[in-house]
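Asker: Here is my input; please provide its structure:
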Amino acid sequence: MSRSYADMPLHYGQVPPWLYQRMSKMGVAIVESIIQEYGRAAVLQRLSDPFWFQALGCVLGMDWHSSGITTSVMGALKRSVNERSKDLGIYICGGKGKYSKETPSELMRIAHNTGLNGDLLVRSSKLSAKVDNTAIQDGYQLYLHSFVLSSDGDWAVIQQGMNGANGMARRYHWHSPTLSSFIEEPHTFIYGKNQGRIINITDKDAGTTRTGILQLAHENPEKLLPEIKKLTMPSHHDVKAKDVDLKRLGAVLAVAYEKEHLDMESLLLLEGLGPRTLQSLVLVSEVIHGTPSRFDDPARFSFAHGGKDGHPFPVPTMVYDEAIQTLQNAVQRAKLGNTEKNEAIKNLSKAAQQLEKDFQPNNNFEQLIERERNDSWKYGGRTVFGKAQPPKSGNQLKLF
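Answerer: This next block holds a predicted model:
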């Protein structure tokens, strides 16, 4: 199994209620859409993929590169998904700080109601935390433990630790269907900054060390991980052109604003939606339907609903609400056997991928961001600092 590290700067502060409520609504709509199309197992598989997780946080309006994505996304999902756990078959336990300690009792309650093996689930929860806090000694102290369970008995774990000395965070991802051992290569992914050599007795090459520990418990492990694959999230807060696949982003904008490669049936079924809402829905569609290779530039997904701190632009609350309503409506119709609108939303991501093959973007990334910021007030743009205001100069800028 793969193991990687990337920077996530520690961010503090609270998500404002106006954004948190929208994150909860959009989050559960995305989860339900995935379940309808691909099943409960697909939700857990996606949550265990850090690139997809980062993209989800961006499309929900969180700052694209910060540690706050983890706590805020899992908090919003726990709130909305658990209200629907009986019909969705997905349960989210634990959380940040004191809430992480409630995981065993939450799991036992779920086990009592579903017939799952509560003792085994609690053991899995505790072992995953012990591995990331003790067996791997990388300078990061765990402060978040989220255990996501399906009614089928599969689970995923998302954990995060902080290193106060360097102001960075590291996120750990687990997925039970790919887990063969808690003590050898258990992770789907570890997401954090490379600190050089660390103590990692779960490495596949540390078998001798583990044997030595069992035989001589008083000795420290001497087998160190020689090399760690790196995936680096930058420290800069703003979104830069180098953080985004401009060909992919340009294709999204062309579908939204020019209706490129969008079939007539999809156009009719999504009639009444303006290009700005279509832009958001193309990216939401990809979060639901995209393959793993499509999430290696998660910053691109912040062009759905911006970011709470104004990067790359303020959160367009009117667009956000319309996208939520459209997705919720499609999910409800699908429950009644009417899947046409769901298919229309799915076709948005297909159209963008088709157009992307031969698309050549212009070099006007900064102008795109400027236009989004200039137009933000029209769409109810908001940040943690307040509501967006009309620009003093009304320059009209051309998109990709």
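Asker: Only the buried residues of the top helix by length along the chain, if you could.
Answerer: For the chain, the helix with the greatest residue count under DSSP state H is helix 17-38. Neighbour-count burial for helix 17-38, with 16 or more other CB atoms under 10 Å as criterion, is recorded at 19-20, 22-35. C-beta here means a position set from N, CA and C on the backbone, and glycine is covered the same way.
Asker: what about the strands in the stretch 251-400 of the chain?
Answerer: Assigned by DSSP state E, counting those that start in this stretch, the strands in the stretch 251-400 of the chain fall at 315-316, 381-383, 386-387.
Asker: Check the ones you listed for me and report the most buried one.
Answerer: Each of those was scored by mean neighbour count; the highest is strand 315-316, a mean of 29, by mean count of other CB atoms under 10 Å.
Asker: if we can go back for a sec, show me what the longest helix of the chain is packed up against.
Answerer: Applying 3 or more CB pairs under 8 Å, 6 or more residues apart in numbering; DSSP states H and E, one finds that helix 17-38 contacts helix 40-47, helix 50-59, helix 68-82, helix 85-88, helix 275-289, helix 317-335, helix 340-356.
Asker: residue contacts, the spatially most central residue of the chain?
Answerer: For the chain, Phe53 is the residue whose C-alpha lies nearest the centre (CA atoms, centre = their mean; 2.2 Å). Contact analysis of Phe53 by CB atoms under 8 Å, 6 or more residues apart in numbering lists 46-47, 69-70, 73, 158, 171, 173.
Asker: The same query, at a cut-off of 7 Å, please.
Answerer: Leu47 (CB atoms under 7 Å, 6 or more residues apart in numbering).
Asker: Pull up the per-residue confidence for Tyr12.
Answerer: If you check Tyr12, the pLDDT there is 67.
Asker: Gln388 is in contact with Tyr379, isn't it?
Answerer: One correction, residue 388 is Ala, not Gln. No: with contact defined as CB atoms under 7 Å, Ala388 does not count as touching Tyr379 (8.3 Å).
Asker: In the stretch 251-400 of the chain, where is pLDDT below threshold?
Answerer: 393-400 (pLDDT under 70).
Asker: redo that, cut-off 50
Answerer: 395-400 (pLDDT under 50).
Asker: three-state assignment of Ile92?
Answerer: Secondary structure for Ile92, judged by DSSP: H, G, I helix; E, B strand; the rest coil, is strand.
Asker: Use 4 as the first number from now on
Answerer: Happy to do that; since the first residue is 4 now, the last one works out to Ile95.
Asker: Show me the beta-bridge partners of it.
Answerer: Val151 (DSSP bridges).
Asker: can you count the residues close to it?
Answerer: 23 (other CB atoms under 10 Å).
Asker: What of Pro393?
Answerer: 10.
Asker: quick one: it from Leu371, how far?
Answerer: Distance, Pro393 to Leu371, by CB to CB, to the nearest Å: 19 Å.
Asker: Return the residues in contact with Glu325.
Answerer: If you count contacts by CB under 7 Å, 6+ apart, then Glu325 has 276, 280 around it.
Asker: Ser149 contacts Tyr94, doesn't it?
Answerer: No: look at Ser149 against Tyr94 with CB under 7 Å: they stay out of range, at 11.0 Å.
Asker: How confident is the prediction for His148, by pLDDT?
Answerer: Value for His148, per-residue pLDDT: 95.
Asker: How about it: what's its closest non-neighbour residue?
Answerer: Ser103 (3.9 Å; CB to CB, 6 or more residues apart in numbering).
Asker: ditto for His178
Answerer: Here the residue nearest His178, using CB to CB, 6+ apart, is Ser51, at 3.6 Å.
Asker: Tell me how many other residues crowd the one you found.
Answerer: For Ser51, using other CB under 10 Å, the count is 24.
Asker: ok, Asp300 - contacts?
Answerer: Contacts of Asp300 (CB under 7 Å, 6+ apart): 246-248, 251.
Asker: Pro319: which of the residues you listed is nearest?
Answerer: Val247 (18.2 Å; CB to CB).
Asker: quick one, strands of the stretch 104-253 of the chain?
Answerer: According to DSSP E, counting those that start in this stretch, the strands that the stretch 104-253 of the chain contains are 139-140, 144-153, 158-166, 171-178, 192-194, 202-203, 232-233.
Asker: Using TSV, please lay out those strands together with mean neighbour count.
Answerer: Below are the strands of the stretch 104-253 of the chain laid out as TSV (neighbours: other CB atoms under 10 Å):
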stretch	mean neighbour count
strand 139-140	19
strand 144-153	22
strand 158-166	24
strand 171-178	25
strand 192-194	24
strand 202-203	20
strand 232-233	12
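Asker: and of those strands, who's closest to Arg82?
Answerer: Here strand 144-153 is closest among the strands of the stretch 104-253 of the chain (CB to CB), at 12.4 Å.
Asker: ok, and what's touching the closest one?
Answerer: Contacts of strand 144-153 (CB under 7 Å, 6+ apart): 43-44, 47, 50, 73-74, 77, 92-100, 103, 106, 110, 113, 124, 128, 132, 135-136, 158-165.
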